[in-house]
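**Student:** take a look and give me a structure for this.
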Amino acid sequence: MSAVAWIAVGSLAAWVWLLLGRGFFWRTDQRLPRREEPDGWPDVAVVVPARDEAEVLPVSLPSLLAQDYPGRAEVFLVDDGSEDGTGALARELADLHGGLPLTVVSPGAPEPGWTGKLWALRHGIALARARGPGSEPEYLLLTDADIAHAPGSLRELVAAAGANGLDLVSQMARLRVVSGWERLVVPAFVYFFAQLYPFRWVNRAGARTAAAAGGCVLLRTGAAARARVPDSIRQAVIDDVSLAGAVQRGGGRIWLGLAERVDSVRPYPRLGDLWRMVSRSAYAQLRHSPSLLAGTVAGLALVYLAPPLTLCAGLLSVDGVAARAGGLAWAVMTATYLPVLRYYRQPLWLAPALPFTAVLYLLMTVDSAVQHYRGRGAAWKGRTYPRPETAPER
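**Tutor:** Numbering: from 1, shown residues only. Take a look at the predicted model:
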């Protein structure tokens, strides 16, 4: 066989393994598990870290304040050094809409060795647990300031956690998909995340794979204490995966799935917005390793770029093996992407364009490494974080 044919066959073999041997990552049926209403609804503290979120807060915060929860619940919004009036706006929204009690606090700049979000979570959790003797909440809902919750979201999360003995229940919020670039890039973000962390592997008993989606995490307070979070992960840039790992190592049971009633309202209308969202943490995902970066680039090229390229090369050179193997690999790739597009209610003709989207993600990952070595890696909202092993200890 020709070299092109060998590459095509290798890519096809990779796709057969991904199709059958990677926890059926491409399926979208991991939704909230069985829910049962408890005899008595436990207390919940909702902790919202927020930095310069005035644009999205009028949509997200009222949805939290309006939660239809039978037990006691309270919202703590931690203003992480905002310069756009986030804290004042939160108080105005609470006065306007009513609902659950809201407390707004500003802990000041993070200490060395802390990321801003985890510093904010630390103070919000501490405040929630210090409400008085015997009043510590049983659960913490950690949710981002750009996440809107349907009225029964908190109720269903607590019911699912209690019924299944879960210490952490996380839903990947349905991201906004309106602009052309969002349609091209956002569903693929969820697809690639599930490929890295197959939800079925995360959710099975005794799992070694740990992951969560930081926008919506219901966490048992006792499990948080055992895992010493957020202190034990204070340097983590990819804080949601680190949080899940810490809870799992502490003996907690975790669950991750796709949301039906939890949505991100943050817009990413331009490619540059999406590029920054992905590239700020892509190299951190690879543990800042040049060898892992090289392997990732080679793997993406073999899995996503080789199928259409070898198909075209095979057709042009009349190489039947290359054309058939490349075409079949592309067909399998396309088929695995269809469920995610259906979940996002997007046109299915976008599925064959996944190789182009993969090229964008490849370039974003390389750019993330370049920015890291220029001293601008892991930058977000005016802050740049060093590698965890070089960050000063607290």
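**Student:** what sits up against the host helix or strand of Leu89?
**Tutor:** For Leu89, the host element (DSSP states H and E) is helix 86-97. Helix 86-97 is contacted by residues 50-54, 57-58, 61-62, 65-66, 77, 79, 102, 104, 106, 145 when judged by C-beta atoms under 8 Å, 6 or more residues apart in numbering. (C-beta placed from N, C-alpha, C; glycine too.)
**Student:** could you rerun that using 10 Å?
**Tutor:** Residues from elsewhere that reach helix 86-97 (C-beta atoms under 10 Å, 6 or more residues apart in numbering): 48, 50-66, 75, 77-80, 82, 85, 99-106, 145.
**Student:** likewise for stretch 271-279?
**Tutor:** So stretch 271-279 is contacted by 175, 179-182, 184-186, 188-189, 192, 266-268, 270, 285, 360-361, 363-372, 377-380 (C-beta under 10 Å, 6+ apart).
**Student:** need the buried ones from these selected in ChimeraX.
**Tutor:** Written as a ChimeraX command, the selection of buried residues from these, which uses 16 or more other C-beta atoms under 10 Å, is:
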select :175,179,181,182,184,185,186,188,189,192,266,268,285,360,361,364,365,366,367,368,369,371,372,377,378,379,380
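**Student:** just say helix, strand or coil for Pro267.
**Tutor:** Here Pro267 is recorded as coil under DSSP: H, G, I helix; E, B strand; the rest coil.
**Student:** what's the nearest residue to it if we skip its chain neighbours?
**Tutor:** Closest residue to Pro267 apart from its sequence neighbours, by C-beta to C-beta, 6 or more residues apart in numbering: Arg176 at 5.9 Å.
**Student:** and the contacts of stretch 271-279, which of them are in helices?
**Tutor:** Using DSSP state H, the subset of those located in helices is 180-182, 184-186, 188-189, 192, 285, 360-361, 363-372.
**Student:** tell me the secondary structure for the spatially closest residue to Arg31 that is not a sequence neighbour?
**Tutor:** Closest residue to Arg31 apart from its sequence neighbours, by C-beta to C-beta, 6+ apart: Gly257 at 5.3 Å. Look at Gly257: counting by three-state DSSP, its state is strand.
**Student:** quick one, grab the pLDDT at Gly257.
**Tutor:** Note for Gly257: predicted pLDDT of 98.
**Student:** that one: what's it in contact with?
**Tutor:** Each residue near Gly257 by C-beta under 10 Å, 6+ apart is listed here: 28-33, 160, 169-172, 199-200, 202-203, 213.
**Student:** now a PyMOL select for only the buried ones of the contacts of helix 86-97.
**Tutor:** Per 16+ other C-beta under 10 Å, the buried members of those correspond to this PyMOL selection:
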select buried, resi 48+50+51+52+53+54+56+57+58+60+61+62+63+64+65+75+77+78+79+80+82+99+100+102+103+104+145
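**Student:** among the contacts of helix 86-97, which lie within strands?
**Tutor:** Among the contacts of helix 86-97, the ones falling in strands (DSSP state E) are Val48, Ala50, Val75, Leu77, Val78, Asp79, Leu102, Thr103, Val104, Val105.
**Student:** of the residues you listed, which is the nearest to Leu121?
**Tutor:** Val78 (7.2 Å; C-beta to C-beta).
**Student:** who's in contact with that closest one?
**Tutor:** By C-beta under 10 Å, 6+ apart, the neighbours of Val78 are 47-51, 87, 103-107, 116-117, 119-125, 127, 145.
**Student:** repeat for Thr209
**Tutor:** Thr209 sits next to 23, 196-203, 241, 244-245, 248, 254, 256 when contact means C-beta under 10 Å, 6+ apart.
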